[in-house]
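S.K.: Have a look at this fold, sequence not included:
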């Protein structure tokens, strides 16, 4: 791969990854606890964030761009995933960090995205009134899924970022 393509891929990987990790940590550490503390007002805020802003799309684009650029960079960095590279400490660390990053991407697709979409639909269904008993139960289930998916996703992203950051210094 030519040097300019590598530079562009790396820039996309780093910038999109920084947004993805930072936004995930911000949500888990600050936004979600504040939303829970606000009660019904927090629910209205989340409804606005998930259904009426571009945040879900931005997270999806950042996670996809990070993942695709990272996979494209892994091939030349590893010499085509050569066994000797994978057995080296830097290679093993980078490959493991990539797998952990892929796991974070999978959590986002399989857990966070459907839970956020479900919350947005349910919020629109409930509107400004109080939720029914059945809606409140669905709301609690979706909120729990999103909270756990967010925690797992953020933890995996931090581990992946740390692994990629230190891989070249190992061995």
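M.R.: Done, it's in. Not measured: the values here are computed from a predicted model. Numbering: from 1, shown residues only.
S.K.: Could you list the buried residues of stretch 38-55?
M.R.: Residues of stretch 38-55 classed as buried by neighbour count (16 or more other CB atoms under 10 Å): 42, 43, 46, 47, 49, 50, 51. In this view, the C-beta of every residue, glycine as well, is placed from N, C-alpha and C.
S.K.: tell me the phi and psi of the third one?
M.R.: Read it as residue 46. Phi and psi for residue 46, reported as degrees, to the nearest 10, are phi -60, psi -40.
S.K.: so what's it up against?
M.R.: With contact taken as CB atoms under 8 Å, 6 or more residues apart in numbering, residue 46 is in contact with 35, 119, 123.
S.K.: for the second one, same thing?
M.R.: Residues in contact with residue 43, defined by CB under 8 Å, 6+ apart, are 35, 123, 139.
S.K.: likewise the fifth one?
M.R.: Residue 49 makes contacts with 31, 55, as judged by CB under 8 Å, 6+ apart.
S.K.: hmm, back to that, which of the contacts of residue 43 sits closest to residue 167?
M.R.: residue 35 (35.5 Å; CB to CB).
S.K.: What's the separation between that closest one and residue 143?
M.R.: Between residue 35 and residue 143 the distance is 9 Å, computed by CB to CB, to the nearest Å.
S.K.: so who does the closest residue to residue 84 other than its chain neighbours touch?
M.R.: Leaving out its chain neighbours, the residue that sits closest to residue 84 by CB to CB, 6 or more residues apart in numbering is residue 91, at 7.9 Å. Residue 91 is in contact with 78, 84, 85, 167, counting by CB under 8 Å, 6+ apart.
S.K.: Ok, residue 47 next?
M.R.: Contacts of residue 47 (CB under 8 Å, 6+ apart): 119, 120, 123, 124.
S.K.: what's the answer for residue 89, then?
M.R.: Applying CB under 8 Å, 6+ apart, we find residue 89 in contact with 170, 171.
S.K.: count of neighbours near the nearest residue to residue 88 once chain neighbours are set aside?
M.R.: Counting by CB to CB, 6+ apart, residue 88 lies nearest to residue 171, which is 6.0 Å off, once chain neighbours are set aside. Using other CB atoms under 10 Å, the number of residues around residue 171 comes to 10.
S.K.: ok, and the helix or strand in the chain with the lowest average confidence?
M.R.: Of all the helices and strands that make up the chain, helix 40-51 has the lowest average by mean pLDDT, DSSP states H and E, namely a mean of 86.
S.K.: shaky segments in the protein?
M.R.: Within the chain, no range satisfies pLDDT under 70.
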